[in-house]
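*Asks:* this is a predicted model, with the sequence first.
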Amino acid sequence: MVFFLTIIAITFALLVYKAYRNTYKAVFHRVEVRCSGNDQDVVRILHLSDLHLENLSISPDYLYKNLKNEQIDLIALTGDFLDRKRSIPKLVPYLKVFQKLNPAYGIYAVFGNHDYVLKGEHFQALKTTLEKHGCIVLQNEAKTISIKGKTVNVIGIDDFCTGRSDLEKAYAHIKDGLNLVLTHDPNIVLHMRRYHFDYLLSGHFHGGQIHWPKPYHLVKMGKLVRMNIIKGYHELDGKPFYISEGLGQTGVNIRVGTKPEITLHTLSLTPLQRETEKAV
């Protein structure tokens, strides 16, 4: 009996160690959205989500070495940077790497549910740190920019999970052009039938983090999970969106059936044809 218990304990320890090692090597995904073979009117977006600095094995040097030779026009950070005030200084080396990658059209950030664990001056310290290091922070607001002569609205929708999303406010001052939405919790797409977007980037689910045999623990995290939509590229009402598996972990620093994700999206700058236009 002791022998069998020892074997079980060793096997369990090895599995946990392997799950821990899974957090050290990111999967690099490239996604092309409505791009033709010779399409020069594109924007290249580096998308990172869910850094969770309390449980993050990917170093700033790792990111820089893997991204320094990539052409990056814009960086999108979709929330859950941290949930402890003591972690704020740990964010700075990552932000310096993002600046060093020199995205031509800026770095944009939205907050997630874990960021809002911070209150008052500590939350403000997080926001100030992001802004001090070149990030444009969007809380139910949009920034209109010109990319290769095309109008692009970068729309930041605040965290849906904690009830902070305000679609009307986020879309209040946008101009005619391409709508790129950044948000943390992708469940917001189920409420955006009247709000057009050409592409939406999000995170939140970590690809399940412990995805074996299925991520049953995610069921409480909204309707998308029950639709088996927890990671990768999807479309709803003809509008495309992407759910990152995230860079860090929450709770425990392990991953099973999923790995940290770095994603480069190549997006056509030609806006989607809207439903009202299709009906004409």
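*Replies:* Received it, and whenever you're ready, just let me know what you need.

*Asks:* which residues of the stretch 1-150 of the chain score low on pLDDT?
*Replies:* The stretch 1-150 of the chain contains residues with pLDDT under 70 at 2-6, 9-16, 37-39.

*Asks:* all strands for it, in order.
*Replies:* 27-33, 42-48, 74-78, 107-110, 135-137, 141-147, 150-157 (DSSP state E, counting those that start in this stretch).

*Asks:* turn those into a markdown table, including mean neighbour count and distance to residue 129.
*Replies:* From N, CA and C alone the C-beta is placed, and that goes for glycine too. Shown next, in a markdown table, are the strands of the stretch 1-150 of the chain (neighbours: other Cβ atoms under 10 Å; distance: least, Cβ to Cβ, whole Å):
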| stretch | mean neighbour count | distance to residue 129 |
| --- | --- | --- |
| strand 27-33 | 15 | 27 |
| strand 42-48 | 22 | 16 |
| strand 74-78 | 26 | 12 |
| strand 107-110 | 25 | 10 |
| strand 135-137 | 17 | 9 |
| strand 141-147 | 18 | 19 |
| strand 150-157 | 23 | 17 |
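
*Asks:* and of these, who's closest to residue 180?
*Replies:* Within the strands of the stretch 1-150 of the chain, the stretch nearest residue 180 is strand 150-157; the backing value is 5.3 Å (Cβ to Cβ).

*Asks:* pull out the buried residues from the next helix-or-strand element following the closest one.
*Replies:* Downstream of strand 150-157, the next assigned helix or strand under DSSP states H and E is helix 167-170. Residues of helix 167-170 classed as buried by neighbour count (16 or more other Cβ atoms under 10 Å): 167, 170.

*Asks:* for helix 167-170, which helices and strands make contact with it?
*Replies:* Contacts defined by 3 or more Cβ pairs under 8 Å, 6 or more residues apart in numbering; DSSP states H and E place helix 167-170 against strand 141-147, strand 150-157.

*Asks:* quick check: which of those is nearest to residue 84?
*Replies:* Going by Cβ to Cβ, the one of these nearest residue 84 is strand 150-157, 23.3 Å.

*Asks:* which outside residues touch the closest one?
*Replies:* Contacting residues not belonging to strand 150-157 are listed as 41, 43, 74, 105, 108-110, 136-146, 165-167, 170-171, 174-183, 188, 197, 269 [Cβ atoms under 8 Å, 6 or more residues apart in numbering].

*Asks:* so how far is stretch 131-144 off the chain centroid?
*Replies:* Centroid separation for stretch 131-144 versus its chain: 15 Å, with Cα atoms, centre = their mean, to the nearest Å.

*Asks:* distance to residue 67 added to the helices and strands packed on helix 167-170, as JSON lines?
*Replies:* Output for the helices and strands packed on helix 167-170, formatted as JSON lines (distance: least, Cβ to Cβ, whole Å):
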{"stretch": "strand 141-147", "distance to residue 67": "20"}
{"stretch": "strand 150-157", "distance to residue 67": "20"}
